[in-house]
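Q: Have a look; sequence and predicted model below, questions after that.
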Amino acid sequence: IGSKIVLLNNPKKSVGAARNFGVRNSKGDFIIFLDDDFLISKESLLALQDLLEKHPDKVINAAWIYPPDLLEEIRQKKFGRYLISEGFTSLRDRMKGLNWDDNQLFERSRGVSSGILAITKDNFQKIGGYHEEMVFGNDTDLSLRIKAAGLKPYIAPNIVAYHNERDKMDLKMWLDRRKFGVSH
């Protein structure tokens, strides 16, 4: 992870267009997508980079959990307790039915989530990047093209980021996101 940061003005509006624009303007061999509601340590970013160096053929999601202060806050609300009981507060809980392995990188049979995604630049170009016109369904589309390219998605359970989804704490906003297929 270099110390030089470059800010670019994205000429298009979709998330897919922004991600493709970023990759086109990147100089490195590894790409790590990180949505604005994720918080990740430098050590976790370096660990993702290390995994890509060791496994360039894999597309990797880091695990995520809600930050402790957000969990405490939502425990105080009826809707928040629902989110906890239904498993919306961590990737592990969202992957019900998946054989989760806390100790090693393992295949993610349900595709990828772009919120915190690591991929080599070569593989990103091989799958054709994101469809820039899509507003919803980018993760499903990307997952299908990853599979078609002969690649597989994996979860790195020991690399964890905080998913600070404060926008899901309002029932109406949460339902609107679900209606449009945004659910991580």
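A: Thanks, I have the structure now. Numbering: from 1, shown residues only.
Q: from here on, contacts and neighbour counts on C-alpha atoms
A: Will do.
Q: And for residue 32, nearest residue in space, chain neighbours not counted?
A: The shortest distance from residue 32 to any residue other than its chain neighbours is 4.3 Å, reached at residue 118 (CA to CA, 6 or more residues apart in numbering).
Q: Tell me the secondary structure at residue 44.
A: helix (DSSP: H, G, I helix; E, B strand; the rest coil).
Q: so how far is residue 110 from it?
A: With distances taken as CA to CA, to the nearest Å, residue 44 is found 23 Å from residue 110.
Q: neighbour-wise, which of these two wins?
A: A count of neighbours by other CA atoms under 10 Å puts residue 44 above the other of residue 44 and residue 110, at 15 against 12.
Q: nearest spatial neighbour of the more buried one, skipping sequence neighbours?
A: residue 159 (5.6 Å).
Q: Doesn't that neighbour belong to a strand?
A: Yes: assessed by three-state DSSP, residue 159 belongs to a strand.
Q: any idea how far it lies from residue 126?
A: 25 Å.
Q: Show me which of these two is the more surrounded one.
A: residue 159 (19 against 13).
Q: For residue 62, see how far away the more buried one is.
A: Applying CA to CA to residue 159 and residue 62 gives a distance of 5 Å.
Q: Also residue 127?
A: 20 Å.
Q: which of these two has more neighbours?
A: Legend: neighbour count by other CA under 10 Å for residue 127 and residue 62, higher for residue 62 (24 against 18).
Q: Which residues are in contact with the more buried one?
A: 48, 116, 117, 155, 156, 157, 158, 159, 160, 161 (CA atoms under 8 Å, 6 or more residues apart in numbering).
Q: Report pLDDT for residue 172.
A: With respect to pLDDT, residue 172 scores 77.
Q: Confirm it sits in a strand?
A: No: with three-state DSSP as the criterion, residue 172 is helix rather than part of a strand.
Q: how many other residues sit next to it?
A: 11.
Q: Ok, the one 3 residues further on next?
A: A count of neighbours around residue 175, defined by other CA under 10 Å, yields 14.
Q: now residue 26
A: 13.
Q: how far away is it from residue 103?
A: Remark: distance between residue 26 and residue 103 (CA to CA) = 32 Å.
Q: hang on, the earlier thing: tell me the secondary structure for the residue nearest to residue 32?
A: Going by three-state DSSP: residue 118 is strand.
Q: Give the bridge partners for it, please.
A: With DSSP bridges as the criterion, residue 118 is bridged to residue 32, residue 60.
Q: what about residue 157, how many residues close to it?
A: 19.
Q: hang on, isn't it packed against residue 104?
A: Yes: Residue 157 is in contact with residue 104 according to CA atoms under 8 Å; the separation is 6.8 Å.
Q: show me where the protein has helices.
A: Assigned helices in the chain, in chain order: 15-24, 42-54, 68-75, 78-85, 91-94, 121-127, 138-148, 171-179 (criterion: DSSP state H).
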